[in-house]
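>>> The following block contains a protein sequence and its predicted model.
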Amino acid sequence: MHVSRRPTSGPYAIDLGIDLLNELTPQIIEELAGSAVEELAALDNLEALDTWRVSYLGRRGRLTTVLRGLSALDLEQRREIGSLANQAKQQLEEKFTERTDEIKNAALELSSTRSDFDVTLPGRPPAGGRLHPTTQIVREICAAFVGMGFGVVEGPEVELDRYNFEMLNIPKGHPARDMWNTLWIDYQNEDGEQPMLLRTHTSPMQARVMETRQPPIRVVVPGKCYRYEATDATHEWHFFQVEGLAVDEGITFANLKGTLYEFARRMFGEERQVRFRCDYFPFVEPGVDMSIDCFACDGNGQGCRICRDSGWIEIMGAGMVHPKVLERVGYDPQKYTGFAFGLGAERIAMLKYGIDDIRHFYANDIRFLQQF
Ligand code: DAH
């Protein structure tokens, strides 16, 4: 029997040169571990370290071979030698990790003393992401209303005909449906109806909110809307709206005007003037469109690109909630009144930042997005 302290052949011999069954003794294991540790200390690079690891701890390594040979021993021996061999294995593994760290650290120190490597230089800042301009403007719009006591709720983008139209006083076959070019979901119920669609506006949340709450109600509803629409500089087939609804006893048109006037000033500057003109939306009566005086030309109009010479810019639709809408959700229109409004988020951003084409928002061009 003999365990060589030096490899007998090759860089590290695998052959233990012993008859495992008869000659495995505690000394052999101690010697094996001893020589392994000694060799390890002399190694100075990671490749050599790996060769060492394979030769002792690898699948066919020397210590692994010993451990595998244990099964041939009788119980008494197996216990004694087995525990020794396992200790040796653990010791070699620890030493291996230690030595690896030492070598790596030495390499690091070396590189930090190289003259072209300045460890005192600040790190390169990672490129930070940012919120999409639509998200930013939606948040800004909501914040303006939250500051006036409104809460924020959201609703489904796949909506029922019932909420998108019926509850808003737009029955089937009513010509007002043509105001919203609708993307219908390809699904029919048992009655052969096609009841689902991609919501064409955020107004359906008016009914959903009123169905689940009692007045006083003050909410804004930001969300994505979809229309079956040919796109151009001012039309997208998907876009964001922010809806608003306030219902309580004694709410009047004066409340509508005051609230929306304050909103315009918060978004577009203290000096803003507003203008209300009659408009038609089936779910409000009276209905209006609201404009602000042009902030680009201060309402002068002449030669202004933003307001197209008119001095005014339309920013939203609004009105007093139609009594039929209140009735449908079970409110008594004699007792409660309210106002509602809806505005397009991208349109507000376009006005505020002078963006000339709504298609920029979803073209995913980093040069556009980076500006916000
Ligand atoms: N939902 C309307 C649209 O998409 C906008 C609107 C107008 C909402 C008047 C309202 C409103 O709440 O009162 O065209």
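Perfect, thanks for sending it. Everything numeric in this text was worked out from a predicted model, so none of it was measured.
>>> buried sites along stretch 137-147?
Residues of stretch 137-147 classed as buried by neighbour count (16 or more other C-beta atoms under 10 Å): 137, 138, 140, 141, 142, 144, 145. Backbone N, C-alpha and C define where each C-beta goes, glycine included.
>>> And the contacts of it?
131, 150, 152, 220, 222, 240, 242, 244, 263, 266-267, 343, 345-346, 348-349, 352 (C-beta atoms under 8 Å, 6 or more residues apart in numbering).
>>> Next step: the residues you listed restricted to helices.
Among those, the members found in helices (DSSP state H) are 263, 266, 267, 345, 346, 348, 349, 352.
>>> check contacts around the closest residue to residue 161 other than its chain neighbours.
Take residue 161 and drop its neighbours on the chain: the residue closest to it by C-beta to C-beta, 6 or more residues apart in numbering is residue 195, 5.0 Å away. If you count contacts by C-beta under 8 Å, 6+ apart, residue 195 has them with 160, 161, 162, 187, 189.
>>> Contact partners for the first one?
Counting by C-beta under 8 Å, 6+ apart, residue 160 touches 195, 196, 197, 204.
>>> could you measure it against the ligand, distance?
16 Å (C-beta to the nearest ligand atom, to the nearest Å).
>>> Near the ligand, which residues of this structure are found?
Counting by C-beta under 6 Å from any ligand atom, the chain comes close to the ligand at 201, 203, 243, 281, 284, 317, 318, 319, 340, 341, 342.
>>> go again using 5 Å as the cut-off
Selection of the chain residues close to the ligand by C-beta under 5 Å from any ligand atom yields 201, 203, 281, 284, 317, 318, 319, 340, 342.
>>> Kindly provide the distance from the fifth one to residue 185.
This points to residue 317. Using C-beta to C-beta, to the nearest Å, residue 317 is found at 25 Å from residue 185.
>>> Equivalent analysis for the third one, please.
Counting by C-beta to C-beta, the separation of residue 281 from residue 185 is 24 Å.
>>> Tell me which of the two has more neighbours.
residue 281 (23 against 14; other C-beta atoms under 10 Å).
>>> which SS state does the more buried one fall under?
coil (DSSP: H, G, I helix; E, B strand; the rest coil).
>>> Show the contacting residues for the nearest residue to it once chain neighbours are set aside.
In space, and not counting its chain neighbours, residue 281 is closest to residue 287: 4.4 Å by C-beta to C-beta, 6+ apart. Applying C-beta under 8 Å, 6+ apart, we find residue 287 in contact with 278, 279, 280, 281, 317, 318, 319.
>>> Surely residue 287 is within a strand?
Yes. Assessed with three-state DSSP, residue 287 lies in a strand.
>>> Quick check: bridge partners of it?
residue 279, residue 319 (DSSP bridges).
>>> cool, and the one 5 residues further on?
Beta bridges link residue 292 to residue 274, residue 313 when assigned by DSSP bridges.
>>> Tell me which residue is most central in the chain.
residue 131 (9.7 Å; C-alpha atoms, centre = their mean).
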